[in-house]
Each structure stands twice: as structure tokens, then as C-alpha cells.
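Engineer: Quick check, what structure comes out for this input:
(one chain, ligands or ions: 1)
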Amino acid sequence: MKKVILSVAVIVAMGLTSCKNEAKKIEETTTTEVSNEIAMTDLSFGVRGNCGMCKNTIEKAANSVEGVASANWDVDKKKIDVSFDDTKTDAMAIHNAIAASGYDTEKVAGNEEAYKNLPGCCQYDHEMMMNQSGEMKSDVHSNHDH
Ligand SMILES: [Cu+2]
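Structural biologist: Numbers count the residues shown, from 1 in each chain. As a prediction, this is how the structure comes out:
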């Protein structure tokens, strides 16, 4: 009789253990899936510029860097949002590419020669504030993104 009780206890214990193991396995699988997603680094920094033509030049420069997935410069905020693969490039490479096209970033001053070759309307003020809130704009064109 004692033996029967003991074996029942063993079976129950085994059952509990296997349940626990299964739960743990599911948890591990989920974690692995998350870390397997392609890791894109999102970066925002200030870039000076005036208009839509500047936007094209700045974004083209950023996109020319290998590993950059997307670049979006905001004319009101004087700020760029870049998404890139950090196994292929880094933040400084993007700053340098934009500066080489003639535009000042937070970290790198724009190339002078390239700046002089920009269309007149694009020759932005070197004292311009970067990373603006976008609320104090005096321009009639409003860019509704909400
Ligand atoms: Cu411009």
C-alpha cells in the first residue's frame, strides 16, 4: 500500500515537472523570435536647410550611405530621421555624407565648396537653429502629419 502511494506521488511530481519545462520552452522560443528581428537603428539629429530642394539633397546624401534604409528630413524642424543597419554603417558616416553635400549637421560642418554650389535659395543661414519644435514656423506651407 505504501508503495502505491509512493508511485502516485512520483507520477504527480513528474507531471508537474514536465508542465514547468514546457512553459519554459515556450518562453524561450518567444524571446528568440524577438532577437531574430532585423535590428534597425533609428537616429534623429539636426541638419540645417531651407526648402524642398534642400530636403532632396540631404535625403539623397543620407540614402547614399550603404546600410541606410530610410531618411526623412523635416523642413520645419531642421531635423532628419534616419533608419539604418548598424552592422553596415554608423551615425558618423551619415553625418559626414550630409556634410559633404554642403549641409551642416549637429556634429559636422557642411563642406564649403558644396555649399557655394547650392542653388541660392538653398544657401541656408549657418546660425540657423537645428532641432526646432516646428511650431514657430512663419512659412505658409504647413505640413500636416497628424
Ligand atoms: Cu533649398
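Engineer: Ala99 is in contact with Glu113, isn't it?
Structural biologist: No: Ala99 is beyond contact range of Glu113, at 11.6 Å (criterion: Cβ atoms under 8 Å). Just so you know, the C-beta spots here come from the backbone N, C-alpha and C atoms, and that holds for glycine as well.
Engineer: who has more neighbours, these two?
Structural biologist: Set Ala99 next to Glu113 and count neighbours by other Cβ atoms under 10 Å: Ala99 wins out with 20 against 9.
Engineer: if I pick the more buried one, what's in contact with it?
Structural biologist: Listed by Cβ atoms under 8 Å, 6 or more residues apart in numbering, the contact set of Ala99 reads 105, 108-111.
Engineer: Got phi/psi on it?
Structural biologist: Ala99 adopts backbone torsions of phi -60, psi -40, taken as degrees, to the nearest 10.
Engineer: Spatially nearest residue to it, not counting backbone neighbours?
Structural biologist: Nearest residue to Ala99 in three dimensions, chain neighbours excluded: Val108, at 3.9 Å (Cβ to Cβ, 6 or more residues apart in numbering).
Engineer: Cool, thanks, talk later.
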